[in-house]
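> below are the sequence and a predicted model; questions follow.
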Amino acid sequence: MKCKLVLAFMLVALLGTVNSLPAFSASPVQIAVNGETVAFPDAVPFVEPGTSRTMVPARFLAEALGLSVKWNEQSNQVTLKKNETTILLSIGQNHALVNGKSVALDAPAVIRNGRTMVPLRFIGEALDAGITWDAERNLVNVTTPFQQGTWIWDAALIQTEPDKILAFASENQVTSLYLQFDKSVPSSSYEQFIRKAKEKQMEVEALAGRPQWALPAYQDQIRTFISWVKAFNEGVEPDAQFAGLHFDIEPYLLPEWKTNQQQVTLQWMDNMRLIEREAKASGMKLSVDVPFWLPMVKVPGTSYSFSAWLLEKVDTLVIMDYRNTALGRDGIVANANAILREAHTLKKKVIIAVETAPNSEGDFTSFYESSTEAMKTELQIAREQLSRFSSFAGFAVHDYTSWAALTKKSERLR
C-alpha cells in the first residue's frame, strides 16, 4: 500500500509548476520524453508570461509517459490512470484526487483551444525521472522511470493464474512481460491475458528460443515461431497484440561452442539475420537475451565484438548480468559497462537482468538466498551508477515464478 501511495504522489507531482527550470521565453516549448519529441498536433505547450509556468496538453504528454487518459465533458474532469493509481483533475480547481485522496496543486488545469492544459513541474522528483532544459531549442527533456521486465516461461500460468500474475507485476511496477510461446496454450488465453496486461500499462513480448536455434538446421523452428506470432497479431485487435519478439537462444550452452566457437558464431549470425528480416517485416520490435561477457566474443575474422554486431540487429539487448551485488570488480555495474558503452554509441537500449532462481554457478549469481529488499537495494545502487548511460533502459528480473517465491519468503522473514 505504501508503494502505491508513493507512486500516486509521484504521478500527481507531474501536474504542478516548473519551479526548478529557468524562465522560458514566450515562444512555444517542446517536450521530449526519453529522447522522443512529443507531438502536440492541435495545442502546443506554452509558458505563461510573468509566471514561468509551462502549460502542457494533458492527453499527449500523459500518453507519452504511459498513462491512460479519459475526459468527462459533463463534469469538466480528466482522469489519468497508471497501474493501480488513478488521478482525477477538475478544470479550474487547485487540487487533484489521487485514489480518492485530495492533493493540493500549485496551479489549476485549464482548457485552451479545446485541450486540457496542466502545469508541468519537477519531473525528475515527481516521476523519479530526469529533467533538463535545452535553451537553444526551447526544449524540456524528460527521462521517465526505467522499464521493469520479467520472464514467464510457463505459459500455462496465464490460464490458471492470470490475475495473480498481473497483480504481482503491477505491485512491482513491471512494464514488460516476456511470455513464452506454447502451442498447447489456446490463442484465446494469450489474447485475454495480453488485453488485461495492456489495461495495466504492460507490454507483452512473445518469448522463445533454445541453444539449437543458433544452428542452421533449426531455422524452420524459428520461422514457425515468428509466423505464429504474426498470425496471432493479425487475428486480434491492437489491444491484444504482442508488442515484440523476444529471443533467448544461448548457443554457448551447446557442446559445439567449446569445440568450434567460430563456426557456431557464424551460424548464429546467419540465424540472427533471418530473425532481423522477419522482425522488420512484421513491424514488431526485437529483443534478445545475452550474457554480460559477450563483448569478449568477436565477429570471426575481425576485432569487432559480437555484442556490438547484435546491437545493430535488434532494438534491445537484455544482459543476463546475474550477480547479487551492484558494486565491485565482478558486480552488476562493472559487468554491464561494456555493452552499455556499445549501445550508447549505437543509440540502442539495454535492459540489465538479475536472477532470483537457484543457479549452479554459485550463490553470488542469484538473489535466491537473499531477499527482495536486498535485491531492491542493490538495483537502486546499480541504477545510480548506470544512469549515466543513455542506453540504460531498466531492469528485468528472472523469472516471474522464482521472483514471486522470493517475495513470499521475504515476507515470512520480516
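Structure received.
> next helix or strand past the one helix or strand residue 149 maps to?
Using DSSP states H and E, the element containing residue 149 is strand 147-152. Next along the chain after strand 147-152, taking DSSP H and E as the criterion, comes helix 157-160.
> who's in contact with residue 394?
146, 147, 148, 149, 175, 351, 352 (C-beta atoms under 8 Å, 6 or more residues apart in numbering). Bear in mind the C-beta positions are built from the backbone N, C-alpha and C, glycine included.
> again, only using 10 Å
Contacts for residue 394 were tallied using C-beta atoms under 10 Å, 6 or more residues apart in numbering; they are 144-149, 173, 175-176, 316, 318, 349-353, 379, 383, 386.
> identify the bridge partners of it.
Beta-bridge pairing of residue 394 under DSSP bridges involves residue 147, residue 351.
> residue 141 too?
residue 32, residue 132.
> if I look at it, how far off is residue 30?
Remark: distance between residue 141 and residue 30 (C-beta to C-beta, to the nearest Å) = 9 Å.
> picking that back up, write the PyMOL selection for whichever of the contacts of residue 394 are buried.
Buried residues within the contacts of residue 394, by 16 or more other C-beta atoms under 10 Å, are selected in PyMOL with:
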select buried, resi 144+145+146+147+148+149+173+175+176+316+318+349+350+351+352+353+379+383+386
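> hmm, residue 386 is touching residue 337, no?
Yes - assessed by C-beta atoms under 10 Å, residue 386 is found in contact with residue 337 at 8.3 Å.
> and residue 185, helix, strand or coil?
coil (DSSP: H, G, I helix; E, B strand; the rest coil).
> how many neighbours does it have?
18 (other C-beta atoms under 10 Å).
> same question for the one 4 residues further on.
Number of residues near residue 189 (other C-beta under 10 Å) recorded here: 16.
> show the pLDDT at it.
On the pLDDT scale, residue 189 is placed at 98.
> again, but for residue 12
pLDDT recorded at residue 12 is 49.
> intersection of neighbour lists for residue 141 and residue 30?
Looking at what touches both residue 141 and residue 30 (by C-beta under 10 Å, 6+ apart), the common residues are 37, 134.
> neighbour count winner among the two?
Each of residue 141 and residue 30 has its neighbours counted (other C-beta under 10 Å); residue 141 has more, 19 against 16.
> of all residues in the protein, which one is nearest the centre?
residue 147 (2.7 Å; C-alpha atoms, centre = their mean).
> give me the pLDDT for that one.
pLDDT recorded at residue 147 is 85.
> which residues does it contact?
Going by C-beta under 10 Å, 6+ apart, residue 147 touches 173-176, 203, 316, 349, 351, 392-396.
> out of those residues, which is nearest to residue 407?
Here the nearest of these to residue 407, counting by C-beta to C-beta, is residue 174; it sits at 12.3 Å.
> and for the closest one, the neighbour number?
Neighbours of residue 174 using other C-beta under 10 Å come to 25.
> brilliant, that's me finished.
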